[in-house]
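Chemist: my questions are about this predicted structure, shown below with the sequence.
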Amino acid sequence: MRKIPGSRLFFLTIVTVIIVSFFSVASLWADTNKKELVMISSCVPALDPVYDYTAGHLHIVKAIEYLTRITPNGEIKPELALSYQSLDKNTWEVKLRANVTFWSGKTMDAKAAKASLERARKFAPEAKDLLAGVTIIVIDPLTLHFVTKHHDPGLPVNLSSKWLAIHNADNYGDKPAPYDLSRLDATGMYRVVNYVPRQKIVYEKWSGYWGKKPAVNRIVYKAVSDPQSRLLGALSGEADIVLAIPSEGGSVIKASQDKDLLVIKGPDIYYIYLNFNYGPLQDIRVRQALAWGIDRNKVVDMAISGFGTPAPTWYAQNPLYPEAKDMGYRRYDPEKSKKLLTEAGWIMDNDAIRKKDGKPLSLRFFATNYHRAIGPVIQSQWKKLGIQVSVEYGDSGFREAKLASGDWETGFGGMGSFGDPRAVLLRQFGPDGYRNFSGYNNDTMNNIIEQLGRTSDKKARHALAIKANNLIAETVPIIPIFTKDALVAVNKNITGLKPHFIWWLYLFTDAIDLKE
């Protein structure tokens, strides 16, 4: 991990003192109640569970819940469900907990759970994919049957997806209402009592919660979009928990006297998109050359200050597939890259640029502003192979618009690899997958996905997932680069905070408390 130079650390310390003084005077991070906890993140969620990533943000403090949940070791356990079981090849039975109500007092029963899931299916494309071919039947007030068109052994894990949060669908009309607090009605241990869109959300402990009541009475959750401002907010000591600490600030937090740095290794894979519609990238040798020509250790060191792990394959850091970290692009091999490019007809000329039929090998590379540091590193490493690389930056909207337009060659992004392997692979690498921006359509991959839909044997499904992992490395629809550590600054008076690899869903539990 790279160390911050002493002069830079001194500068940050001086700036922090000045900023903290201002913050204290302005009372920006006011916290007067010992049982009130202030959290800072990069954004504040909307309030409609079917809109954008709302439900995931609400679940981070367990304001909203799912039928199932994922444990820290990757097991699937009931949440609002009491139990689940497979009745036959095409039927899952889910029994619900009794005496669960929404904040409004309405009973959360099988009818309400079905209405919630059907509303998600209607308005969230991701939920539509997760419930594709699934018929939901109310058997009795506490029993649901999920009848699948095809064998679906991954249904229990899909029911834990952030797109399938249980909410009172009757409170909503015929379209999403992302910023209307009056409509949000959920079952979680905290309820939303105040909301300022994109700025602040206030949660209070709900006395009617069906499970164990949390120790903290109130959570004030604020948005600070600028990474350096989040870092300064953490160093001020006025915020109890600060999410999304920038990588370059990790060492500063570690040096703090009153802050702990929680480093959470997650399964999200950061990778380079490759557009198969761009002529040079249609050649598998060119794609493989680009993958071998990346020094992942240096990228982790320079682009994210060492707070991450090089990822040679798609499943490299997924806890369910530990062997995947020893597969794929485990080393930096520029000589192999150069050989592959030469075999593909791209010959280095006197100006150190590879050409074919008189045309230079050039690529446009894009990244979000949040990951600006990645651009120069990739540009420098591919330049050594004789490739011209130009770099563009923008916000997350820019990235999504870029990908949707098709007017790009390479770009940087990330996606979770955890979940039912069939659903994850179909989403990312299936011919109609909504995250398959490369235009990847491989018969072997399609067959693996189809086989995953026909078998429930755990070992067979594991073997198929690993086969897919190796196929991705070989055919290179994307270039895996690293998994990035989530950095969370936590006041030393916070107790009970337990890391979870899916931290953005499971950070806050009823065990969290503030020492006197």
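Modeler: Happy to help now that I have it.
Chemist: phi, psi of the residue located most distally from the centre of the chain?
Modeler: Centroid-distance maximum for the chain: residue 350 at 44.1 Å, with C-alpha atoms, centre = their mean. Note on residue 350: backbone dihedrals following degrees, to the nearest 10 are phi -70, psi -20.
Chemist: same check on residue 154?
Modeler: According to degrees, to the nearest 10, residue 154 has phi -90, psi 10.
Chemist: quick one, what contacts it?
Modeler: Residues in contact with residue 154, defined by C-beta atoms under 8 Å, 6 or more residues apart in numbering, are 419, 420, 421, 422, 423, 452. C-beta coordinates here come from the backbone N, C-alpha and C atoms, glycine included.
Chemist: could you check how far it is from residue 321?
Modeler: Distance, residue 154 to residue 321, by C-beta to C-beta, to the nearest Å: 15 Å.
Chemist: then residue 45?
Modeler: 30 Å.
Chemist: am I right that residue 248 is in contact with residue 302?
Modeler: No: look at residue 248 against residue 302 with C-beta atoms under 8 Å: they stay out of range, at 10.7 Å.
Chemist: with neighbour numbers in mind, choose between the two.
Modeler: Higher neighbour count among residue 248 and residue 302: residue 248, with 19 against 16, using other C-beta atoms under 10 Å.
Chemist: the more buried one in helix, strand or coil?
Modeler: helix (DSSP: H, G, I helix; E, B strand; the rest coil).
Chemist: chain neighbours aside, what residue packs nearest to it?
Modeler: Computed as C-beta to C-beta, 6 or more residues apart in numbering, the closest residue to residue 248 that is not its neighbour in sequence is residue 305, at 4.9 Å.
Chemist: pLDDT score assigned to the one you found?
Modeler: Per-residue confidence for residue 305 comes out at a pLDDT of 92.
Chemist: next: the one 10 residues further on.
Modeler: The pLDDT attached to residue 315 in the predicted structure is 94.
Chemist: got the contact list for the nearest residue to it once chain neighbours are set aside?
Modeler: Of all residues beyond its chain neighbours, the one nearest residue 315 is residue 324 (3.7 Å), with distances taken as C-beta to C-beta, 6+ apart. Applying C-beta under 8 Å, 6+ apart to residue 324 gives the contacts 313, 314, 315, 316, 318, 466, 469.
Chemist: which elements pack onto the helix or strand the last one falls within?
Modeler: Which is residue 469. If you go by DSSP states H and E, residue 469 is part of helix 458-475. Secondary-structure packing of helix 458-475 (3 or more C-beta pairs under 8 Å, 6 or more residues apart in numbering; DSSP states H and E): helix 284-292, helix 421-429, helix 443-452, strand 478-484.
Chemist: ok, and what's touching it?
Modeler: Applying C-beta under 8 Å, 6+ apart, the external contacts of helix 458-475 come out as 153, 284, 287-288, 291, 312-315, 320-321, 323-324, 327-329, 421, 425, 429, 440, 442, 444-445, 448-449, 451-452, 455, 478, 480.
Chemist: which of those are buried, as a PyMOL select command?
Modeler: Selecting only the buried entries of the contacts of helix 458-475 in PyMOL, with 16 or more other C-beta atoms under 10 Å as the criterion:
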select buried, resi 153+287+288+291+312+313+314+315+321+324+327+328+329+421+425+429+440+442+445+448+449+451+452+478+480
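Chemist: hang on, the earlier thing: quick one: secondary structure of the residue nearest to residue 315?
Modeler: The three-state label given to residue 324 by three-state DSSP is helix.
Chemist: buried ones in stretch 450-459, by neighbour count?
Modeler: By neighbour count with 16+ other C-beta under 10 Å, stretch 450-459 contains the buried residues 451, 452, 453.
Chemist: specify which member of those is nearest to residue 503.
Modeler: residue 452 (27.0 Å; C-beta to C-beta).
Chemist: ok, that closest one touching residue 421?
Modeler: Yes: judged on C-beta under 8 Å, residue 452 makes contact with residue 421 at a distance of 5.7 Å.
Chemist: what's the closest non-adjacent residue to residue 454?
Modeler: In space, residue 454 is closest to residue 151, 5.5 Å off (C-beta to C-beta, 6+ apart).
Chemist: pull the number of nearby residues for that neighbour.
Modeler: Count around residue 151 with other C-beta under 10 Å applied: 17.
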